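Peer 1: My questions are about this predicted structure, shown below with the sequence.
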Amino acid sequence: MNEDAQGFVEWSDSLPPWMRDALRRLYDAAVCALPIFESQQELMRSLYGIPADAIVDFEHFRIPYDGPFDLIVSNHMLTHSLTPGDFLDTISSALAPGGHLYLYNEMDEGEYLGTSRSMFQAMNPFHMQLFNADTLQRALAARGFETVFLSHSDRIHLMCLARKATPSSASMSDRERKRRLREYATARDVSIIGLPRSRRDLFAGEWDSVVERAVVSGVATLDERGRAQVSRVRRKGGDAEPYDEGNA
């Protein structure tokens, strides 16, 4: 954001008020917000004096402010997006040439790949998109964003600064695609075995095959009573994690 910044729009519930005030003071930025809940909308208007003319519509996402903007900050939004390509296109159209998008708290698929955590919990009814660093960069590039900075705020959340640029494509290699398909298949098996008994009927027709694959691949074992249990699954970093949510 340069000293001639025209504006800033942010949608989330957690950008600190001091940051909004700093943008106003240092850059004379016109700060707008697009909250998720009506309570946030009222708070931004009444307490901080920030325009919050609408709340987020995930099905028909739009930015109800006149641009262009130099900076758009998005907290945990791409994860919830129903059509991520349209979401990024909408942001791009609202940005000034060379403007920046800052994404943070986006979900990393590492939460359940290579661990014993359930992918069903991570990809719940509200989490539509999960990424790793490579897939996020490819998605951004395809919609005309150049990654400036990308890291993790913790083990499962990505943060990324990207500049509006020219769309470019980078295909996933066959080797990476095959590896990811294997990882997702294993994560699915682990998640099925970890389901409560009351939910296993959903997979009754494939339960035996799931257990067999998990045992053969080493992500599950059978106890003395023949019950499947996910005991130790390797993290990507190599540390083993015990699974402690009960036996199958």
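Peer 2: Cool, got the structure.
Peer 1: Looks to me like T186 is in a helix.
Peer 2: Yes. Secondary structure assignment places T186 in a helix (DSSP: H, G, I helix; E, B strand; the rest coil).
Peer 1: That one: neighbouring residues, count only.
Peer 2: Other residues within reach of T186 by the criterion other CB atoms under 10 Å amount to 20. In this view, the C-beta of every residue, glycine as well, is placed from N, C-alpha and C.
Peer 1: Run a quick neighbour tally on Q121.
Peer 2: Quick note: Q121 (other CB under 10 Å) scores 12 neighbours.
Peer 1: Which of the three states applies to P97?
Peer 2: Here P97 takes the strand state, with states given by three-state DSSP.
Peer 1: Based on its surroundings, how many neighbours for the closest residue to it other than its chain neighbours?
Peer 2: The spatially closest residue to P97, leaving aside those adjacent along the chain, is K164, at 6.6 Å (CB to CB, 6 or more residues apart in numbering). By the measure other CB under 10 Å, the count of residues near K164 is 22.
Peer 1: what sits against K164?
Peer 2: Contact partners of K164, counting by CB atoms under 8 Å, 6 or more residues apart in numbering, are S92, L95, A96, P97, G98, G99, H100, L101, G144, F145, E146.
Peer 1: which two from these end up farthest apart in space?
Peer 2: With CB to CB as the measure, no two of the contacts of K164 lie farther apart than A96 and E146, at 14.7 Å.
Peer 1: now, which of the contacts of K164 sits nearest A33?
Peer 2: Of all the contacts of K164, the one sitting nearest A33 is L101; the distance, using CB to CB, is 15.7 Å.
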